[in-house]
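Student: give me a model of this one.
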Amino acid sequence: MSIPYADQGVQAVGPVVLIHGLGDSLRSYEPVLAHLPLDVRALVPSLRGHGDADRPDQGYTPADHVGDIALLLDDAGVNQAVIAGHSSGSQIAQLFAITHPRRTLGLVLIGAPGPVPDRAAAARMTEEVAALRDPIDDTWLRDFAASTLAGPIPEAFLDTIVAESRKVPARVYQTAWPGIRDFDLSGDLQRITVPTIIIWGDQDRVPVATRECQNQLVDAIPDARLMIYQGAGHSPHWERPQQFAADLASFVRSLRA
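Tutor: Okay, here's the model as predicted:
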């Protein structure tokens, strides 16, 4: 199996791995990469089953993706990195920090689900995912992406997101979803000891990524702080890529210092 990844910038102390959410690909970080200073090396994979990565029959749990990220670091010749993840990608980032603490320099969680699953919201999503059939309807894909937004983004970029989501077979959504739905690190988050920033848009309407969820993460992770993007939704790095790139670069440079 192989997964593609973008590699941009020059490595100083440690690079950043940017992990996308369910249904996305490495292209979801293109607006961020356009603004990220070149002294910050960014490694941006398409997770297995997504984008142009291979699509095995199984292996879509957060732990499987963590293993792939570790192998990606090996392939890139990197020992330690800042691990950043969006939405379900933030679950992978958290688990990586717990299982590979010596390889984690810092943690960035974007639109992160809370440590305690919202069973009612998860049940509704379970029904939607179970009903998916190939080819997945473009209207569903576009509505799924648009539901993460509170404001406009360039139409061409939204088209790119939908086109990349179209590459993901229904079986990948259906195989990956239970691991996302049942993910619960509430008893282990205190083991994350690296500096952590939690980035959240105050117009995030995703039921499992409320302000209360962010507060739970801040309280549970010893060295965490919350950064709120006023007026942004569940995907603040799509709506405010320049601001996100600047905040990310500042965080990485502070770790270097």
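Student: doesn't residue 197 fall inside a strand?
Tutor: Yes: Residue 197 forms part of a strand when assessed by DSSP: H, G, I helix; E, B strand; the rest coil.
Student: residues contacting it?
Tutor: 106, 107, 108, 109, 224, 225, 226, 227, 247, 251 (CB atoms under 8 Å, 6 or more residues apart in numbering). Bear in mind the C-beta positions are built from the backbone N, C-alpha and C, glycine included.
Student: make a markdown table from those and add pLDDT, secondary structure and distance to residue 69 to it.
Tutor: What follows is these, written out as a markdown table (pLDDT from 0 to 100; DSSP: H, G, I helix; E, B strand; the rest coil; distance: CB to CB, whole Å):
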| residue | pLDDT | secondary structure | distance to residue 69 |
| --- | --- | --- | --- |
| 106 | 98 | strand | 15 |
| 107 | 98 | strand | 13 |
| 108 | 98 | strand | 14 |
| 109 | 98 | strand | 15 |
| 224 | 98 | strand | 20 |
| 225 | 98 | strand | 24 |
| 226 | 98 | strand | 24 |
| 227 | 98 | strand | 23 |
| 247 | 98 | helix | 22 |
| 251 | 97 | helix | 19 |
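Student: among these, who's most crowded?
Tutor: residue 109 (30 neighbours; other CB atoms under 10 Å).
Student: who is that residue paired with across the strands?
Tutor: Legend: beta-bridge partners of residue 109 under DSSP bridges are residue 85, residue 198.
Student: relative to residue 87, how far out is it?
Tutor: 9 Å (CB to CB, to the nearest Å).
Student: about what we covered before: tell me the one among the contacts of residue 197 nearest to residue 100.
Tutor: Residue 100 has its nearest neighbour among the contacts of residue 197 in residue 107, at 11.5 Å by CB to CB.
Student: what packs against the helix or strand containing residue 125?
Tutor: If you go by DSSP states H and E, residue 125 is part of helix 119-130. Counting contacts by 3 or more CB pairs under 8 Å, 6 or more residues apart in numbering; DSSP states H and E, helix 119-130 is packed against helix 170-181.
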